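> have a look; sequence and predicted model below, questions after that.
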Amino acid sequence: MTAAPPRTVEQERRYRQQRLAAALRLFARFGFDDGAGGHFTARDPEDPERFWINPFGMPFGHVRVSDLLLVDADGEVVSGSGRINPAGFIIHSQIHTARPDVVAAVHTHSTYGRAWATLGRRLDPLTQDACAFYADHEVFDGFEGVVLDSEEGKRIAERLGGNKAVILRNHGLLTVGGSVQEAAWWFISMDRSCQVQLLAEAAGSPVPISDRVARATAETMGTPGMGRLNFRPLYADIVRAQPDLLE
């Protein structure tokens, strides 16, 4: 079978933009948007120091490709019309700087993510899906209010380390990936894993998966390919239901 030819820079940019807009629409569907909070970024394929981000104050469910903003290393909008979330720039710029392998990063104020974040704990390997985060996420316990200080952004990036996710105590979840699809799916899956653990602990004493089995399961469920695979049907569904997002 002949491999598909590599995408040009323009094609890759459009590819990332389409999946970024689709992910934001999906997040609106899942109830991850909360007022003007939340931000999702995708690194530009031509200039790695710049990234695309959703406009500040625009509902996730309204975002189209043409609404996305390109931001430079100084936080200036160099393409598109609108404002950016100041806290979003501080957090994401530090993550993109610290992690050259990260193409996309997302943080929103999802309900179950926020609820779990108040506990200041890592997720336990209670289900197959939660195993995707086994030994691959951290907790940032330095909450000092809205992130408007670049030094706090650096500390968040440092705590994230080489992992796919970090739980921001008293704040919410943040996930990253080598593609928009991965970052989006890890956020969706992590929020659901928070919901499951909250429900399980409310009902009784859940039995965790053993370290050996959890680690082996993570090698299947936590791979980049699995993140992209799980996002694929969600993307197809939202594009069919809301094709205007591609405009």
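Now that the structure is in, tell me what you want to look at. Because the structure is a prediction, the values reported are computed rather than measured.
> when you work out contacts or count neighbours from here on, use the C-alpha atoms and nothing else.
Will do.
> shaky segments in this structure?
Residue ranges of the chain with pLDDT under 70: 1-3, 144-148.
> show me the biggest helix of it in terms of residues.
Longest helix in the chain by number of residues (criterion: DSSP state H): helix 180-203.
> which elements pack onto that helix?
helix 9-29, strand 104-108, helix 111-117, strand 172-177, helix 224-241 (3 or more C-alpha pairs under 8 Å, 6 or more residues apart in numbering; DSSP states H and E).
> can you report how many residues neighbour L173?
For L173, the number of neighbouring residues by other C-alpha atoms under 10 Å comes to 26.
> that one: what's it in contact with?
L173 makes contacts with 107-110, 113-114, 117, 165-167, 187, 190-191, as judged by C-alpha atoms under 8 Å, 6 or more residues apart in numbering.
> so which of those wins on neighbours?
I167 (30 neighbours).
> check contacts around the residue most central in space within the chain.
Nearest residue to the geometric centre of the chain (C-alpha atoms, centre = their mean): V106, 2.9 Å. Neighbour list for V106: G38, H39, F40, T41, L174, T175, V176, A183, A184, F187 [criterion: C-alpha under 8 Å, 6+ apart].
> who touches the closest residue to it other than its chain neighbours in this structure?
Leaving out its chain neighbours, the residue that sits closest to V106 by C-alpha to C-alpha, 6 or more residues apart in numbering is F40, at 4.3 Å. Going by C-alpha under 8 Å, 6+ apart, F40 touches L20, L24, I53, N54, A104, A105, V106, H107.
> need the contact list for the first one.
By C-alpha under 8 Å, 6+ apart, the contact list for L20 reads F40, T41, A42, V65, V180.
> what's opposite the nearest residue to the last one once chain neighbours are set aside in the beta bridge?
To tie it back to what came earlier, the one meant is V180. Nearest non-adjacent residue to V180, counting by C-alpha to C-alpha, 6+ apart: A104, 5.1 Å away. In this structure, A104 bridges to A42, G177 when assessed by DSSP bridges.
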